[in-house]
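> show me how the following folds:
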Amino acid sequence: MTQKNIFLAQRLHKRLACVSISLAGVLSACTTYAQDYPNKQIKFIVPFSAGTTTDVIGRLYAQKLGEVLGQTVVVDNKAGAGGNIAAEYVARAAPDGYTLTFSTSATHATNPALYSQISFDPIKDFTHIALMVSAPNMLVVNQKIPVNNMAELIAYARANPGKLTYISAGSGTSPHMAGELLKTMTGIDIQHVPYKNITQGMTDLFAGEVSMTFYHVPVIYPHVKSGQLKALGVATAERSPIAPEVPPIGDTVVGYELRPWWGLSGPAGMPKDVVEKLYQATTTVLSDPVVQKRFIELGMIITPMSYQAFNEFTVTELAKWSKIVSDSGAKAN
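Have a look, this model is predicted:
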């Protein structure tokens, strides 16, 4: 080997050594970051207002997550535009694991199809970490509606097109989508009536001013037991353990099923080690007997799903609801 070649080989060796040192430093820093996480307060963004089902389960989860991670997790309600305000906020946040949110069937499946202008991509702008829970809805009608089961409801709706109304807490919410799904699968004509204040909507339902709604089983079922409302079906393939005498809507409308869901997500580009740590912590939270008992009381079904599976699930849900919204012609009110 010539003197020149020896010199060049030495220079190359030094450069490779420098690169190795640099890469080692970066990897060391990344590992240290993951090991130290979280070393400050975490902000958990809830996309709906205080007192809603999403808020109640969000606060329980945030408290328990903080206990598992040994760090404070603060709930920040950012309600508005069907959850879009919160989703946009998180999509634009730093992907460091300190801004997290509940991704929901509304914000990440139905809203992108319902709203003509939306400032985030429900797939590309997020790191989806873990699916957590889902909840069945129950279809109920007021006592003035002369039907007692799904077959009678469908027959009545066909004989009286446009007469029946169903209420929701706004466009994109699960009651709205449950109604749109029923319309597309049966061809009946029922009218959506969104309420900004669902309490007023329920008052009108009890009074017979509106016809029906699809709502979370534990919230609506007490009004069935009291005789204020009639239950026609649950929007899941199986019966609810809270109301085992109420049959699935799918027994009459084959294939009908809708489960509002909630999962943990953050901005796109979060470090894999941090994602793994949050996934493991969430698994621990969902295994907590106190959490399980409270979720059952709220009518929730714990449906843990890994981040790989959850990402695939969100893609499937978005495609499913985009078609349903398109077929039904539903718009954000």
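> rest of the way, CA atoms for contacts and neighbours
Noted.
> residue ranges for the strands of the stretch 51-200 of the chain, please.
73-77, 99-104, 126-134, 137-142, 165-168, 191-194 (DSSP state E, counting those that start in this stretch).
> need these in TSV (columns: distance to A231, mean neighbour count and mean pLDDT).
Below are the strands of the stretch 51-200 of the chain laid out as TSV (distance: least, Cα to Cα, whole Å; neighbours: other Cα atoms under 10 Å; pLDDT from 0 to 100):
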stretch	distance to A231	mean neighbour count	mean pLDDT
strand 73-77	32	19	97
strand 99-104	26	27	95
strand 126-134	20	26	95
strand 137-142	4	27	96
strand 165-168	14	23	95
strand 191-194	19	20	93
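> closest one to D273 among the ones you listed?
Each of those has some distance to D273 by Cα to Cα; the shortest is strand 126-134, at 11.5 Å.
> what comes into contact with that closest one?
Defining contact as Cα atoms under 8 Å, 6 or more residues apart in numbering, one finds that strand 126-134 is touched by 91, 259-270, 275, 278-279, 282, 286, 300-307, 310-311.
> that strand: how far from the chain's middle?
Its chain's C-alpha centre and that of strand 126-134 lie 8 Å apart, by Cα atoms, centre = their mean, to the nearest Å.
> what strands flank that strand, and is each parallel or antiparallel?
Counting by DSSP bridges, the strands paired with strand 126-134 are strand 261-267 (antiparallel), strand 301-305 (antiparallel).
> and A235, how far is that from V246?
10 Å (Cα to Cα, to the nearest Å).
> coming back round to it: buried subset of the contacts of strand 126-134, written for ChimeraX?
To isolate the buried members of the contacts of strand 126-134 in ChimeraX, using 16 or more other Cα atoms under 10 Å:
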select :91,259,260,261,262,263,264,265,266,267,268,270,275,278,279,282,286,300,301,302,304,305,306,307,310,311
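> could you dump stretch 262-270 to CSV, C-alpha only?
What follows is stretch 262-270, C-alpha atoms only, in CSV (Å, rounded to 0.1, in the frame of the first residue of the first chain):
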residue,chain,number,x,y,z
TRP,A,262,-62.1,5.9,22.9
GLY,A,263,-58.4,5.4,22.5
LEU,A,264,-55.1,7.1,23.5
SER,A,265,-53.3,9.2,20.8
GLY,A,266,-50.7,11.9,20.5
PRO,A,267,-49.1,13.9,17.7
ALA,A,268,-47.5,12.1,14.8
GLY,A,269,-43.8,11.3,15.2
MET,A,270,-43.7,10.4,18.9
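> ok, and what's touching that stretch?
54, 90-97, 99-105, 124-134.
> TSV for the strands of the stretch 51-200 of the chain, including distance to G208?
Shown next, in TSV, are those (distance: least, Cα to Cα, whole Å):
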stretch	distance to G208
strand 73-77	33
strand 99-104	31
strand 126-134	29
strand 137-142	6
strand 165-168	10
strand 191-194	14
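> who does the spatially most central residue of the chain form a beta bridge with?
Centroid-nearest residue in the chain: T104, 1.6 Å away (criterion: Cα atoms, centre = their mean). T104 has these beta-bridge partners by DSSP bridges: W262.
> next up, the contacts around it.
260-263.
> change it to 7 Å
T104 makes contact with 261-263 under the criterion Cα atoms under 7 Å, 6 or more residues apart in numbering.
> what's the spacing between I324 and Y89?
27 Å.
> repeat for P247
P247 is 40 Å from Y89, by Cα to Cα.
> who's more crowded, the two?
Between P247 and Y89, counting by other Cα atoms under 10 Å, P247 is the more crowded of the two (22 against 17).
> apart from its neighbours in sequence, what residue is nearest the more buried one?
Spatial nearest neighbour of P247, excluding adjacent residues (Cα to Cα, 6 or more residues apart in numbering): G233 at 5.1 Å.
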